[in-house]
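**Q** here are the coordinates; sequence isn't available:
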């Protein structure tokens, strides 16, 4: 089964939809719409990780995220939290969240031991540096091989800290410390991520490189995610749930 993870940014400054859902009522309404359209996971983020994004203190992130988690916990949907802060994920799990989606791959202080203690699925994404510095670190001799090597290092640290192998999900980090050419190379070689032996999440929704190639970010994103699924992705993280689910239905009909 392919899981469609609907993006719910409860921030004022995310790159694609910042400010649209940063009130609880707006956020919950949008989440319910994505669930109706076919999302099986809702990924709630209280801190923008777009290039150059300002940092958010833990208390502000909690105030943005927790009320939405509590409300969505009433519904039959898996809740993912897009955060790097151990305190945020701890309180979110207490409120009803199920998955930790960490763009920094458990590199914040106490993140590794928190992930082990919570015993929930955790997404380890590839990124170099921080959102404020990652664009200056997009230098690779062989982007896919270096992404694989660096993800293996993060997996090793997680396992050594006590994170169960069954809880690990990997994400190559489209758009994070990668330019357009490098993102396309990862998409071309996406099936190589299967050598890691863990479920794969793909998240290229509305990224800048998509619009540079396809002009239309939505159409380009849907096609990009479908290519990732064909090459082994089990979870796709998307803004446009309805269009993505329709594309998956067409693909599944042909694949039967």
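**A** Good, I have the coordinates. Being a predicted model, the structure only gives us computed values, none of them experimental.
**Q** What ranges does the stretch 151-256 of the chain have for its helices?
**A** In the stretch 151-256 of the chain, the helices defined using DSSP state H, counting those that start in this stretch lie at 180-188, 208-214, 217-230, 241-255.
**Q** In TSV: these, plus distance to residue 29 and mean pLDDT.
**A** Yep, even glycine has a C-beta here, placed from its N, CA and C like the rest. Listed next are the helices of the stretch 151-256 of the chain as TSV, based on distance: least, Cβ to Cβ, whole Å; pLDDT from 0 to 100:
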stretch	distance to residue 29	mean pLDDT
helix 180-188	32	97
helix 208-214	26	93
helix 217-230	20	97
helix 241-255	14	96
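**Q** For residue 244, which residues are in contact?
**A** By Cβ atoms under 8 Å, 6 or more residues apart in numbering, the contact list for residue 244 reads 4, 38, 221, 222, 225, 236, 238.
**Q** Quick one, which of those are buried?
**A** For the contacts of residue 244, a neighbour count by 16 or more other Cβ atoms under 10 Å gives the buried set as 4, 221, 222, 225, 236, 238.
**Q** residue contacts, the third one?
**A** The one in question is residue 222. Neighbours of residue 222 in contact, by Cβ under 8 Å, 6+ apart: 238, 240, 243, 244, 247.
**Q** Residue 207 versus that one, what's the distance?
**A** Distance of residue 222 to residue 207, computed by Cβ to Cβ, to the nearest Å: 13 Å.
**Q** Kindly report the same for the first one.
**A** Shown here: residue 4 relative to residue 207, a distance of 17 Å by Cβ to Cβ.
**Q** for the residue nearest to residue 146 when sequence neighbours are not counted, phi and psi?
**A** Using Cβ to Cβ, 6 or more residues apart in numbering and skipping the chain neighbours, the partner closest in space to residue 146 is residue 140 (5.0 Å). The phi and psi values for residue 140, taken as degrees, to the nearest 10, are phi -140, psi 140.
**Q** For residue 140, give its distance to residue 31.
**A** 36 Å.
**Q** So for the two, which sits in the more crowded spot?
**A** residue 31 (25 against 17; other Cβ atoms under 10 Å).
**Q** Residue 42 is in contact with that one, correct?
**A** Yes. Contact criterion Cβ atoms under 8 Å: residue 31 and residue 42 qualify, at 4.9 Å.
**Q** Mutual contacts of those two, please.
**A** 6, 8, 72, 77.
**Q** where's the first one, which helix or strand?
**A** Right, residue 6. Element membership for residue 6, per DSSP states H and E: strand 3-9.
**Q** following that strand, which helix or strand comes up?
**A** The helix or strand immediately downstream of strand 3-9 is helix 24-37, counting by DSSP H and E.
**Q** Which other helices and strands does the next helix or strand along the chain from that following helix contact?
**A** Toward the C-terminus, helix 24-37 is succeeded by strand 41-45 as the next helix or strand (DSSP H and E). Applying 3 or more Cβ pairs under 8 Å, 6 or more residues apart in numbering; DSSP states H and E, one finds that strand 41-45 contacts strand 3-9, helix 24-37, helix 58-72, strand 78-82, strand 99-102.
**Q** Direction-wise, compare strand 41-45 with strand 3-9 and give the angle.
**A** 30 degrees (axes from the mean of the first three to the mean of the last three Cα atoms, to 10 degrees).
**Q** Check the model's average confidence along strand 41-45 for me.
**A** Averaged across strand 41-45, the pLDDT comes to 96.
**Q** can you state the direction angle for it and helix 24-37?
**A** Strand 41-45 and helix 24-37 are oriented at 150 degrees to each other (the same axes, to 10 degrees).
**Q** got the contact list for strand 41-45?
**A** Residues contacting strand 41-45 (Cβ under 8 Å, 6+ apart): 3-11, 14, 27, 31, 34-35, 65, 68-69, 72, 77-83, 92, 97, 99, 101, 235, 237.
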